[in-house]
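# Based on what follows, work out the 3D shape:
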Amino acid sequence: LLQVWLVVRDSFGSTSKARVNLTVKESVLEDAEAVQAFVGNLLSVSTSALSNGDSEGALLLAGGLASVLNRPGSDDHDERGSDSSDTSEDEELDSDSGSGSSAARETARQQRAELARLVESSAQTMVATSSSLEWVAQTMQAVVSVPSQVGPDTRNSTLRVMESVVSLQSSQEDSQPMSLQTSSTVLSTLSSLLSAPTAAANETAQVAASARNLADGVVASVASGLVDGEPASEVVSPDITAKVQNVGKLGSANCPLFQGPIQSAGAAGASVVMPSSMQAALAASSAGGAVVFKLMTMGSDPNQAKAAGTSDVVTISLGSTSEGGGEIRVRGLAEPITFSIPIAASKPETVATESYKRAACTWWDKEAGAYSTEGCVTMPNPAPRGALLRWRNVSNVMALNLTDQTLILDRAWEIGNANLTS
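This is a model prediction of the structure:
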């Protein structure tokens, strides 16, 4: 029970009051059809608010309606039912249940597409501030939080909105970096898109490539606000994780970049260890600026449709904070950069046993447009019992006078005794 008071004051200061009692009953939406009918009725109200210039009101309604669509039991979870093989009499008589579920799912996809367009239109007319951009990102995250109901229109609107959020954040007059909260929201939204069904494998790869580019923008924005030598900042989402660290100016043996491993906290648990010999190469390339280290893992392949059984894609990059400094390229190291990339403990059913046993580290060759093993050596993990796997002295390897780079790499590792120091 609520009491509503109305107070009227005239120009002479006199007032008059009126009171009315209201009883508010909670609306109960019993099934998916009731939810969709409720959302459909209020979508027109949201559109009307936007057409009247109330972009904030439209965005607020969009977020609320997305929350209604996301309530348990309103999506297609119900249609999966139980795993029991028994079929009830009602199920035998209801031959249209499958088509009804499909129709409900299609309606939900259409409504999410309308909500996505509403968020996009609202964002275009709102004043861009750090708080408004975070609000837009959070609302869009709610719209796509049920991937099975995300269609092409919703996905395209979402990618445009996330691109706008990332670009507008970097162009703010106060040059504030993207907050970890907004960063996590953007990456979680992209993760939902990566989980949404697509019509073809190449479409999946295109979505992953767009997500990776946007994730790069998020990481760059976070990196711009880091202070030399402070602990790494990490952004975690279901499909994408990123760790960024400004390791400061090089030249000191205490540089934290070389106290590895630097590990992602995501489910993949990927890590990378930089050799100490890398400092000299980096110091020469950083033009006196601090070095920024970025580690990102993706469950989806941004280069091509990832085959079943493939590990997460791990990307590292090094940049300089010096004026005009960009990505730092490092070549000809005396010791290797070591990646540890977990793969599935059990073989997926779609992968041949022999192929699964022959897992190999590869890297994406942009010029060739394909994965390559050149320069990579895949080590067994765990190592054979009682054995120590170590990098052979490079000068001794080169003294072999081998002309084939692959042969050099194959012979660059040696197995020693784990009980001996090396």
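# mean confidence for the longest helix along the chain?
Longest helix of the chain, by residue count under DSSP state H: helix 97-125. Regarding helix 97-125, the rounded mean pLDDT is 86.
# right, and the helix or strand after it?
Note on helix 97-125: by DSSP states H and E, the next helix or strand toward the C-terminus is helix 130-143.
# which other helices and strands contact that next one?
Secondary-structure packing of helix 130-143 (3 or more C-beta pairs under 8 Å, 6 or more residues apart in numbering; DSSP states H and E): helix 55-69, helix 97-125, helix 152-170, helix 180-195. Just so you know, the C-beta spots here come from the backbone N, C-alpha and C atoms, and that holds for glycine as well.
# May I see the buried residues of stretch 190-206?
Within stretch 190-206, the residues scored as buried using 16 or more other C-beta atoms under 10 Å are 190-196, 198, 204-205.
# Check stretch 223-242 too.
Residues of stretch 223-242 classed as buried by neighbour count (16+ other C-beta under 10 Å): 223-224, 226, 232-237, 239-242.
# ok, now which ones touch Asn246?
Going by C-beta atoms under 8 Å, 6 or more residues apart in numbering, Asn246 touches 223, 226-230, 290-293, 321.
# what do you get if the cut-off is 6 Å, keeping everything else the same?
With contact taken as C-beta atoms under 6 Å, 6 or more residues apart in numbering, Asn246 is in contact with 226, 228, 290, 292.
# and if you look at Gly217?
For Gly217, the contacting residues are Val166, by C-beta under 6 Å, 6+ apart.
# mind checking the SS state of it?
State at Gly217, reduced to three classes by DSSP: H, G, I helix; E, B strand; the rest coil: helix.
# so what's Leu180 scoring on pLDDT?
If you check Leu180, the pLDDT there is 89.
# what's the distance between it and Ser237?
Leu180 sits 12 Å away from Ser237, going by C-beta to C-beta, to the nearest Å.
# for Arg9, same thing?
Separation of Arg9 from Ser237 (C-beta to C-beta): 52 Å.
# got it, and Trp135?
18 Å.
# Also Ser121?
Per C-beta to C-beta, Ser121 is found 26 Å from Ser237.
# do Gly248 as well
Per C-beta to C-beta, Gly248 is found 28 Å from Ser237.
# try Gly299
In terms of C-beta to C-beta, Gly299 sits 10 Å off from Ser237.
# just to revisit the earlier point, I'd like the buried residues of stretch 190-206 laid out as CSV, including pLDDT and distance to Arg71.
Below are the buried residues of stretch 190-206 laid out as CSV (pLDDT from 0 to 100; distance: C-beta to C-beta, whole Å):
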residue, pLDDT, distance to Arg71
Leu190, 95, 23
Ser191, 93, 21
Ser192, 94, 17
Leu193, 94, 21
Leu194, 91, 23
Ser195, 91, 19
Ala196, 92, 19
Thr198, 87, 26
Thr204, 85, 29
Ala205, 83, 33
